[in-house]
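In: Got a sequence here, can you build the structure:
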Amino acid sequence: MKTTILTIGLAASLLLAKAQQGAVRVESFKGKLSALSTIEDQKELKNRLSILSNSKSEDDHFLAIEYYKSKGEEEKAEALNKKSIKQFPQGNLAFQQRLAAFQELTGLEERDRAFQKLRAEFPNQSYYMIGSMMASEYAAAGNDAKMKEYIDSYAESLSDGRGNKIDKRTLYGQVATGLIAKNPDAAVKYLKMAVDYAKESMDEINTPSHPRYNLLARAQGNYYGAMTSYLGALTRGSNPEEAYKQSLALYNEVKDGENANAITLAESAYTNALITTKRYKEAFPFIEKAIRSGTASSVVKENLKNAYIAKNGSEMGYLEFEKAVNAERDALALKEVLNKAISKEAPTFELKDVDGHTVNLADLRGKVVVLDFWATWCGPCKASFPAMQKAVNKYKEDQGVKFLFLHTWEKGSGDATVGAKKYIVDNNYSFEVLMDLRNPETTESAVAKAYGVSGIPTKVVIDPKGQIRFVTSGFSADEEKAVNELSTMIEFARK
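Out: Model (predicted):
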């Protein structure tokens with residue numbers, strides 16, 4: 001079986017993790033690889049590669065491996081990779097080989113056992129990426145004890161850009177949102193920790209004389225975001241009345257202020273609590289506002305009729321009212337979409353799909369093409385996929401529309417192509433996935449760079465003439481809204 005070779009992207013993260021201990025930094029590594037690639041004298045190059053390959057430093061071995069890979073000399077890269085693993089059985093390459101095998105496991109308990117064994121055998125490695133992944137999976141399964149265990153396993157090794165330790169309560173809050181669906185009461189406990197820490201941080205810098213006062217807006221965003229998640233868990237848990245009281249207090253606190261984001265978040269939490277506790281009459285103006293503005297969740301929309309009857313005493317006139325509300329929503333959505341319209345030439349590209357077939361954008365001229373830049377490690381990307389599947393289904397018989405999902409900015413070990421295909425297959429998505437793999441020398445994904453992608457998920461809509469008409473980032477939690485918005489963009493681009 002072919003040995004998995006460490007990618008430069010992973011090397012970057014490994015070297016960065018070791019940087020505080022005086023190891024070679026990522027930029028230095030990239031510089032060395034670039035310098036090696038510019039040697040024209042073949043005798044000098046051969047001698048340099050020999051020195052690296054026979055060095056007592058694993059970093060030197062890896063530099064030579066990456067050089068061979070960048071030149072397409074896979075057999076030499078593979079041979080040196082095996083040699084290095086044998087010479088450094090506790091090194092990064094050996095660890096990544098084992099990690100790749102771990103990632104092929106599917107059962108959560110099986111992976112848990114394998115993780116514990118891996119940690120025991122390689123105690124000095126960083127387990128942030130895999131630990132956070134396992135914590136999230138246990139949260140989704142409703143197992144808060146294992147979620148906490150995994151967060152605790154990597155929390156101590158994390159620090160912010162200033163070298164300060166990241167408070168564990170923040171990490172609990174980030175992951176515990178995944179608990180809400182199956183174990184909301186457990187989620188409440190951890191999300192309350194995140195709320196308390198976010199408030200402490202916000203209050204600490206809430207004075208103009210504080211050296212980090214310029215970060216107040218960010219701190220406020222963190223606090224109100226944490227509060228919304230906490231109240232959401234409280235609403236879905238065993239004490240919705242408490243959720244109602246606290247969400248009302250939060251709404252009253254911010255409603256007359258100037259923080260639009262805080263007002264929106266508080267209104268959302270309050271509306272959900274009103275619906276859950278069947279206070280439909282009180283909820284009516286908030287439900288109506290949310291639907292008209294296009295921000296209503298499916299739960300909110302489903303309760304418009306209940307709220308209308310509670311306010312008016314009967315359902316007389318409801319159908320006309322609903323039609324008017326939806327018409328205003330659709331008109332606003334169309335206006336927002338058209339305001340995003342642009343026109344610039346789409347960079348051409350040629351990529352292989354997960355099965356090795358080549359796809360050339362130029363061959364799709366005459367069709368509306370939707371590009372979705374994503375990655376298996378990107379939570380928001382994956383959260384957007386149910387809506388994207390609905391969009392794909394909507395246009396599956398339309399020969400004039402083509403969806404391409406570009407996996408980009410790969411991280412971690414193992415074969416990114418295998419991982420991307422596995423994720424799509426395991427989740428029953430019918431997506432055509434292309435691999436925008438990183439260039440070993442630059443560590444950049446060429447197509448993402450050409451399209452100016454600065455964050456994922458990013459979606460690009462290209463018209464039949466090869467012009468980019470829309471670029472959007474992020475995702476909407478409202479699947480219906482997301483599909484409708486994308487459909488509007490597609491139909492506009494088709495004209």
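In: contacts and neighbour counts: CA atoms only from here.
Out: Will do.
In: List the contacts of residue 234.
Out: Contacts for residue 234 were tallied using Cα atoms under 8 Å, 6 or more residues apart in numbering; they are 184-185, 188, 240, 242-243.
In: next one: residue 479
Out: The neighbourhood of residue 479, defined by Cα under 8 Å, 6+ apart, consists of 384, 386-387.
In: which of the contacts of residue 234 sit farthest apart?
Out: Using Cα to Cα, these span at most 13.7 Å, a distance reached by 184 and 242.
In: Next one: the residue nearest to residue 360 when sequence neighbours are not counted, what pLDDT does it get?
Out: Residue nearest to residue 360 in three dimensions, not counting chain neighbours: residue 350, with 4.3 Å by Cα to Cα, 6 or more residues apart in numbering. Each residue has a pLDDT score; the one for residue 350 is 97.
In: just the one 4 residues further on next, same as before
Out: Residue 354 carries a pLDDT score of 94 in this model.
In: Need the contact partners of the host helix or strand of residue 418.
Out: Under the criterion of DSSP states H and E, residue 418 resides in helix 416-426. Contacts of helix 416-426 from elsewhere in the structure, counted by Cα under 8 Å, 6+ apart, are 354, 375-376, 407, 410, 430-431, 433, 435.
In: let's see 10 Å
Out: Contacts made with helix 416-426 from outside it, assessed by Cα atoms under 10 Å, 6 or more residues apart in numbering, are listed as 7, 103-104, 106, 352-356, 374-377, 382, 385, 406-410, 413, 428-437.
In: likewise stretch 116-126?
Out: If you take Cα under 10 Å, 6+ apart as the criterion, stretch 116-126 is touched by 13-14, 17-18, 89-92, 94-95, 98-99, 102, 111-112, 114-115, 127, 153-154, 157-158.
In: which stretches of this structure have low pLDDT?
Out: For the chain, the stretches flagged by pLDDT under 70 are 1-27, 160-162, 412-414, 477.
In: Give me the domain ranges for it.
Out: Each domain of the chain is listed here as a residue range: 29-88, 141-329, 344-494, per the TED database.
In: Just send those domains back as a markdown table, with distance to residue 135 too.
Out: As requested, the domains of the chain are arranged in a markdown table below (distance: least, Cα to Cα, whole Å):
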| stretch | distance to residue 135 |
| --- | --- |
| domain 29-88 | 29 |
| domain 141-329 | 4 |
| domain 344-494 | 13 |
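In: which stretch among these comes nearest residue 131?
Out: Ranking the domains of the chain by their distance to residue 131 (criterion: Cα to Cα) puts domain 141-329 first, at 5.5 Å.
In: start to end distance for that closest one?
Out: Chord length of domain 141-329, first to last residue, is 36 Å (Cα to Cα, to the nearest Å).
In: neighbours of residue 395, just the number please.
Out: When neighbours are counted by other Cα atoms under 10 Å, residue 395 registers 15.
In: Can you report phi and psi for the closest residue in space to it that isn't next to it in sequence?
Out: Leaving out its chain neighbours, the residue that sits closest to residue 395 by Cα to Cα, 6+ apart is residue 401, at 6.7 Å. The phi/psi pair for residue 401 (degrees, to the nearest 10) reads phi -130, psi 130.
In: what's the neighbour count on residue 401?
Out: Other residues within reach of residue 401 by the criterion other Cα under 10 Å amount to 21.
In: what residue lies at the spatial centre of this protein?
Out: With distances taken as Cα atoms, centre = their mean, the chain has residue 378 as the residue nearest its mean C-alpha position (2.6 Å).
In: right, and that residue touches residue 475 too?
Out: No. The criterion here is Cα atoms under 10 Å, and residue 378 misses it with residue 475 at 11.7 Å.
In: can you tell me how far residue 327 sits from residue 434?
Out: Taking Cα to Cα as the criterion, residue 327 is separated from residue 434 by 38 Å.
In: So these two - more neighbours on which side?
Out: Residue environment comparison for residue 327 versus residue 434 gives the larger neighbour count to residue 434, 27 against 13, counting by other Cα under 10 Å.
In: does that one count as helix, strand or coil?
Out: Classification of residue 434 using DSSP: H, G, I helix; E, B strand; the rest coil returns strand.
In: what about it, distance to residue 358?
Out: Separation of residue 434 from residue 358 (Cα to Cα): 9 Å.
In: Identify the contacts common to these two.
Out: When contacts are counted by Cα under 10 Å, 6+ apart, residue 434 and residue 358 have 350-352 as shared neighbours.
In: Which of those are buried, as a ChimeraX select command?
Out: For the buried members of these, the matching ChimeraX selection, counting by 16 or more other Cα atoms under 10 Å, is:
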select :351,352
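In: could you dump the shared contacts of residue 434 and residue 358 to JSON lines with secondary structure and distance to residue 211?
Out: What follows is those, written out as JSON lines (DSSP: H, G, I helix; E, B strand; the rest coil; distance: Cα to Cα, whole Å):
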{"residue": "350", "secondary structure": "strand", "distance to residue 211": "49"}
{"residue": "351", "secondary structure": "strand", "distance to residue 211": "48"}
{"residue": "352", "secondary structure": "strand", "distance to residue 211": "50"}
